[in-house]
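>>> okay, sequence plus prediction incoming.
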Amino acid sequence: MIKLEDPTLFRTENYVNGKWVGGSAGHIEVLNPANGTLVAKTVNGSAENARDAVEAAAVAFKSWSKTPAKERASYLRKWHDLILENADDLGALMTAEQGKPLSEAIGEVKYGAGFIEFYAEECKRVMGDIIPTVANDRRLLVYKQPIGVVGCITPWNFPNAMITRKAAPAMAAGCTVVIKPDAGTPLSALALCELAERAGIPAGVLNVLVGSDAQAIGEVLTQHEKIGKFTFTGSTAVGKILMAQCASTVKKISLELGGNAPFIVFDDADIDEAVTHCVATKFRNCGQTCVCTNRIFVHEAIARDFTEKLQRSIAALKVADGFEEGAEIGPLINTQALEKMDALMADAVDKGAKVLLGGARHELGQNFYQPTLLTNISDSMRLANEEIFGPIAAVQTFTTEDEVVEKANATEYGLAAYFFTRDVGRVMRVSEDLEYGIVCSNSGVFSTEVAPFGGWKQSGIGSEGGKEGIADFYETKFHSLGGV
Ligand code: SIN
């Protein structure tokens, strides 16, 4: 049992129409990825339960969409405050079900709350237009109206913030939501509902349905005619299937999909800074974020110095159960993730990669993998092309700016890219030439609720965060008013 200051945040039933309800598909066992122990047994919702949730959200939409933005903002603000008041407990639930170190989990809770605060403010400033008329007996008006019920599928790597990043702008805009969190990490989502209820958010506005049959529930959320918009964070492969399903009802969609982030270090970079940020972006959440550094390109003139320093920094990382004091690297999410690391390593070593550090499962057992550093990387290796999603850092060298930009862009992904240089002209050139939705120079840190987060190419459609993150939850209506 997880120790919580407020044990009533530990919820295991679905939250639909303001009620805690069972699921018609039995139970789900939530396991701690650090040790395999049972954290919780939650209900298991079915496609039929998902349809009930959509119907409830559609009824709630009628009044929520007519609630003034200022009033909606005040509910959201209360929800935000309660989340911050309970950040330690929410962090503990997350560490238990997801594995990330407790300090990182609490950091995610605060990051997640930031989206609620931001959109509580932003929804009061979404404006329509009055267009100068083309005829004196007519007036041309443009309204922004909430799009309806929003279906959301959220991932296990950010069990809190990927929910608030979708639900907060949707609810702020006047939409109601039905969320399917990952079946492996439902407790964070259900605790958010408990706090939403305490904040007085009306029944049916926020609905969370935990269920292991992702395909059946996904079909409801992508095809139900009462859903106006569908939003998903997860892999590109699954995103493509969901996108195709949305076509049958021409649903508006936004997708936050996979990445293959380059991290480029030019020969004039501050090497110590570059190393610090490289470790931060590569090993955040044990390498399990869509924006984690995936390919490290270092100019050949500084490659030796950079790699030695990187090796020392990686070797100093503390791998431990997320609840242990000072833990920096927790476990991978599950056995499949471990098997993927094994396969990527075998392929890389087979094709000539040199292992400077790690390269195998960790002595802590369960889902732990050693923080790993590889050099001698070539383009044919799987880890130079696929999203690694684990604690393997792979360094390659380059000679010219043109060459490295071309290599960085040679991928179907386009989410985040990082580069280090002190040359201001190069900062501008490279940031313009990288085909990515997020470009980060001389830093590995960029995540914030106030700016747009979204991918180019096969990394997604649309943006979350910033003013862009609420725009998609409105329909535009043009009213041509005659007889004036
Ligand atoms: C993600 O990688 O899925 C989200 C990362 C972030 O919001 O910083």
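Received the coordinates, thanks.

>>> who in the protein is up against the ligand?
With CB under 6 Å from any ligand atom as the criterion, the chain meets the ligand at residues Asn157, Phe158, Thr233, Thr289, Cys290, Val291, Ser447, Phe453. Every residue, glycine included, has its C-beta placed from N, CA and C.

>>> again, 8 Å this time
Residues of the chain found near the ligand (CB under 8 Å from any ligand atom) are 111, 155, 157-158, 161-162, 165, 233, 256, 259, 284, 289-292, 415, 446-447, 453, 465.

>>> do me a favour and get the end-to-end distance for stretch 311-320?
19 Å (CA to CA, to the nearest Å).

>>> rewinding a little: generate a ChimeraX selection restricted to the buried subset of the residues of the chain next to the ligand.
ChimeraX command restricting the residues of the chain next to the ligand to the buried ones, with burial defined by 16 or more other CB atoms under 10 Å:
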select :111,155,157,158,161,162,165,233,256,259,284,289,290,291,292,415,447,453,465
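
>>> show me the residues of the chain next to the ligand that map onto strands.
Thr233, Glu256 (DSSP state E).

>>> the stretch 51-200 of the chain: strands as residue ranges?
Assigned by DSSP state E, counting those that start in this stretch, the strands in the stretch 51-200 of the chain fall at 129-131, 139-146, 149-153, 176-180.

>>> over to the stretch 251-400 of the chain?
252-256, 261-265, 293-299, 354-357, 372-375, 392-398.

>>> in CSV: these, plus mean pLDDT and distance to Gly23.
CSV is the format used below for the strands of the stretch 251-400 of the chain (pLDDT from 0 to 100; distance: least, CB to CB, whole Å):
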stretch, mean pLDDT, distance to Gly23
strand 252-256, 98, 26
strand 261-265, 98, 37
strand 293-299, 98, 37
strand 354-357, 98, 44
strand 372-375, 98, 39
strand 392-398, 98, 37
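
>>> quick one, which of the strands of the stretch 51-200 of the chain is nearest to Gly22?
Taking CB to CB, strand 176-180 is the member of the strands of the stretch 51-200 of the chain nearest to Gly22, at 16.2 Å.

>>> can you list contacts of the closest one?
With CB atoms under 8 Å, 6 or more residues apart in numbering as the test, strand 176-180 has contacts from 50, 53-54, 57-58, 60-61, 64, 149-154, 163, 166-167, 170-171, 189, 204-211, 214, 217-218, 221, 227.

>>> parallel or antiparallel, which strands does it pair with?
Applying DSSP bridges to the sheet, strand 176-180 is found paired with strand 149-153 (parallel), strand 206-208 (parallel).

>>> mean neighbour count and mean pLDDT added to those strands, as a markdown table?
Converted to a markdown table, these look like this (neighbours: other CB atoms under 10 Å; pLDDT from 0 to 100):
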| stretch | mean neighbour count | mean pLDDT |
| --- | --- | --- |
| strand 149-153 | 28 | 98 |
| strand 206-208 | 29 | 98 |
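
>>> quick one: which of those strands is nearest His362?
Evaluated with CB to CB, the strands paired with strand 176-180 place strand 149-153 nearest to His362, the distance being 30.7 Å.

>>> could you give the angle of the closest one to strand 252-256?
Angle of strand 149-153 versus strand 252-256, following axes from the mean of the first three to the mean of the last three CA atoms, to 10 degrees, is 20 degrees.

>>> residues contacting the residue most central in space within the chain?
Central residue of the chain (CA atoms, centre = their mean): Met162, 4.6 Å from the mean position. Met162 is in contact with Thr154, Pro155, Thr233, Glu256, counting by CB under 8 Å, 6+ apart.

>>> report the contact partners of the residue of the stretch 301-450 of the chain found nearest the ligand.
For the stretch 301-450 of the chain and the ligand, the shortest gap (CB to the nearest ligand atom) falls at Ser447, measuring 3.3 Å. Counting by CB under 8 Å, 6+ apart, Ser447 touches Tyr111, Val291, Phe453.

>>> skip the chain neighbours and tell me the closest residue to the residue of the stretch 51-200 of the chain found nearest the ligand.
The ligand sits closest to Phe158 of the stretch 51-200 of the chain, with a gap of 5.4 Å, by CB to the nearest ligand atom. Using CB to CB, 6 or more residues apart in numbering and skipping residues adjacent in sequence, the residue nearest Phe158 is Glu108, 6.0 Å away.

>>> next, the contact list for the one you found, please.
For Glu108, the contacting residues are Gly91, Met94, Lys100, Phe158, Asn160, Ala161, by CB under 8 Å, 6+ apart.

>>> wait, doesn't the fourth one sit right on Gln288?
By that I understand Phe158. No - between Phe158 and Gln288 there is no contact, the gap being 9.3 Å when judged by CB atoms under 8 Å.

>>> quick check: closest non-adjacent residue to Ile163.
Thr154 (5.1 Å).

>>> distance of the one you found from Pro68?
As judged by CB to CB, to the nearest Å, Thr154 and Pro68 stand 28 Å apart.

>>> comparing these two, which shows the higher neighbour count?
Remark: of Thr154 and Pro68, Thr154 carries more neighbours, 28 against 11, as counted by other CB atoms under 10 Å.

>>> my guess is the more buried one contacts Pro181, does it?
Yes - applying CB under 8 Å as the test, Thr154 and Pro181 come out as touching, 5.1 Å apart.

>>> residue contacts, the closest residue in space to Gln98 that isn't next to it in sequence?
Once flanking residues are discounted, Gln98 sits nearest to Thr185: 5.1 Å by CB to CB, 6+ apart. Thr185 is in contact with Val30, Met94, Glu97, Gln98, Trp156, Pro159, counting by CB under 8 Å, 6+ apart.
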